[in-house]
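K.L.:
curious how this folds, go ahead:
(2 chains)
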Amino acid sequence: MPQSQTNILKIENVEKIFEIKVSSFKSKNLYALNKITLDVERGKTVSVVGESGCGKTTLGKVVSGLYQAEKGTIAFHDQDIAHKKPQQRGHLQKDIQMIFQDPYSSLNPRKKVKDILEQPLKIHTNLNREERMEAIEKTCADVGIDLGYLSRYPHQFSGGQRQRIAIARAIILNPDLVIADEPISALDVSIQAQVLNLMMDLQEKLNLTYLFITHDISVVKHLSDYVAVMYLGEIVEYGTKEQIFSNPQHPYTKMLFLAVPDIDNPVLSEKVLETGEIPSPIDLPDGCYFAGRCPLKDADCEKEHPPLLDKGDQYKVRCIKV
Amino acid sequence: MSEMLRVENLKTYFDTRKGLVKAVDGISFSINKGEILGIVGESGAGKSITGFSLINLIDSPGEIVDGSILFNDRELTQLSEDELSKIRGGDISMIFQDPQMSLNPVITIGKQLIETVTYHNSETSKQDAHKKAVEMLELVGMPAPEKRMASYPHQLSGGMKQRVVIAMALINSPKLLIADEPTTALDVTIQAQILFLMKKLTKEFGSSLVLITHDIAVVAQMCDKIAVMYAGRIVEYGSNKDILYNPKHPYTKGLIQCLPKLNEEKKRLYQIPGVMPSLLHLPEGCYFSDRCPFADEECKVYPETITLEGRLVSCHKVKQIS
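P.N.:
Below is the predicted model of the structure:
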């Protein structure tokens, strides 16, 4: 099969630059996304992980159209959407839907659940009232919302239920791609499992493709097919879940994994003290961005910025020391 | 080991317009010198209110209505506000979740640290207090501590601010430290550093730590003893090993089972059905009964707390389950 049929989304060399004012007359560029290249295969889950400030949320927003990229291309259904605003994307926009982190602010408090779910149908489809109700009822059955709740307002629901409503709104148009930006991190532990299970069930049932953005490594391990690790606007390591978890190569990925608390291996190693902090994304060094925190660093690392090396078998890593 | 804190039958109620909210309803626990106790539970379980109650930071309409808090042979519930404020920040200090909120934004961190020292030790000179503050900053891993003394909170990153808060909490060598979700707002690598420091300093100073968190994996790394709270009550209380690796209460079991584990992959996660009930509408009998797979007629009465295999547990069905 040719590439374009299995890959639903092809992100190539995408850059997103924010201008930051440093004084009244001077501003500097912040590279929130720096030459991101990433393919997303139909029906799979690609997870983007990294710490705050690594650009993972910006990536989701660029793909969904909330931001426009400065450079690069995003091929979706054979069209480049990287520079298009949602209004310019036309029917393509309905095929990319988003689930946000905080179900308290992502649902309009003045609208009933029925109206929240009906609005995307009104905007993107020609269905009449009965057909819209049919679609709403079907989606509610899929995500487990009681039909009696349709006339309630968001504040009458718990966090987990609200996230269900947000998921229902995202899938009601049968999108090809769902971008989920930290969809469970605002929820309680016992509710997180419910929402994760729901998302995995829906993926199977509706053949959804997920771009899953999160900082939670154990969740990534649980549901991903592919994992991209980001650091300061760049992908530093990319591969299948097995490649990344059984044999992480990049020193940053190793550092992240070491820091994740694990109930089955509850050791706090003194090594974590050497991990340092993410530097400011303004005025990045010429060499490797990670060099300042890297245990393997030597003089070569500061000379040139390392490229993302393709090691074959879909595995890529950005480090000259591996 | 000598006992540092003993809490007996503590009750903190909030008399709201909608009814009496029993946020903390008759809990008991104790901590020895050098010990770390973890209080885990989901939002609304009453774990933060427990922490606030220990130093009586309960605002109206809340009130400690019953119970005793014995700290170093002093009954804290009987103390006046003046006596309490001598203890707060002195013998007992507290770390809150959001470091941004616990630092004064218009005063340098150096001044805030010095003030903490001189308030509790009026004979200490400014110079000595300054020296002590720099030492503390160094101890918590602040780079260039002398220079940082002149910084304002907004000039520091989240991780650095939390280090300042910890330095401030430890500067008077407290006998008891209460940490309420101290790392929830931080990235994993920073979380690991802060937790490592807190554990090391607790053991070094021979003080005691109450760690309040929703993250069971963090508790696994940190704590000697664990209390699991649900709807204002402790449902299971015992040693780290017993609670995490041989849990008896169905809620504890569920909480641990529903975590995505790093070293195993299941297609579906275990999920606890439903949500924690509102404290205004608690189910009859056992508060967990409406979500519990083992509940029956017997559970219509709140279960007695029994000792089973070295831990305290409140459930009618434990013997049957195990």
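
K.L.:
and B:Glu20, backbone torsions?
P.N.:
Let me fix one detail, which is that residue B:20 is Leu and not Glu. Backbone geometry at B:Leu20, expressed as degrees, to the nearest 10, gives phi -80, psi 120.

K.L.:
name the nearest residue to it, sequence neighbours excluded.
P.N.:
Closest residue to B:Leu20 in three dimensions, ignoring its sequence neighbours and counting by C-beta to C-beta, 6 or more residues apart in numbering or on different chains: B:Tyr13, at 5.7 Å. C-beta: built from backbone N, CA, C; applies to glycine.

K.L.:
okay, now that neighbour: neighbour count?
P.N.:
Other residues within reach of B:Tyr13 by the criterion other C-beta atoms under 10 Å in any protein chain shown amount to 21.

K.L.:
can you pull up the bridge partners for it?
P.N.:
Using DSSP bridges, the bridge partners assigned to B:Tyr13 are B:Lys22, B:Glu63.

K.L.:
any idea how far it lies from chain A?
P.N.:
Taking C-beta to the nearest C-beta, to the nearest Å as the measure, B:Tyr13 and chain A are separated by 23 Å.

K.L.:
enumerate every residue touching the closest residue to A:His91 other than its chain neighbours.
P.N.:
Leaving aside its chain neighbours, A:His91 sits nearest to A:His124 (7.5 Å; criterion: C-beta to C-beta, 6+ apart). By C-beta atoms under 8 Å, 6 or more residues apart in numbering or on different chains, the contact set of A:His124 is A:His91, A:Gln93, A:Lys94, A:Leu173.

K.L.:
just the closest of those residues to chain B, please.
P.N.:
Compare each of these with chain B using C-beta to the nearest C-beta and the shortest gap goes to A:Leu173, at 26.1 Å.

K.L.:
where does pLDDT dip in the stretch 1-150 of chain A?
P.N.:
The model of the stretch 1-150 of chain A has pLDDT under 70 over residues A:1-5.

K.L.:
which bits of it sit near chain B?
P.N.:
Applying C-beta under 8 Å from any C-beta of the partner chain, we find that the stretch 1-150 of chain A lies next to chain B at A:Glu51, A:Ser52.

K.L.:
tell me the secondary structure at the residue in the stretch 1-150 of chain A positioned nearest to chain B.
P.N.:
Residue nearest to chain B within the stretch 1-150 of chain A (C-beta to the nearest C-beta): A:Glu51, separated by 4.1 Å. Secondary structure of A:Glu51, reduced to three states by DSSP: H, G, I helix; E, B strand; the rest coil: coil.

K.L.:
excluding its backbone neighbours, what's nearest it?
P.N.:
The spatial neighbour of A:Glu51 that comes closest, neighbours along the chain excluded (C-beta to C-beta, 6+ apart), is B:Asp187 at 4.1 Å.

K.L.:
which stretches of the stretch 1-150 of chain A form helices?
P.N.:
Listed in chain order, the helices found in the stretch 1-150 of chain A under DSSP state H, counting those that start in this stretch are A:3-6, A:56-64, A:86-89, A:113-124, A:129-143.

K.L.:
where exactly do the helices run in the stretch 201-322 of chain A?
P.N.:
Secondary structure of the stretch 201-322 of chain A (DSSP H, counting those that start in this stretch): helices at A:217-223, A:241-246, A:251-259, A:299-303.

K.L.:
brain fart, the stretch 151-300 of chain B
P.N.:
Under the criterion DSSP H, counting those that start in this stretch, the stretch 151-300 of chain B carries helices at the ranges B:158-170, B:188-205, B:216-222, B:240-245, B:250-257.
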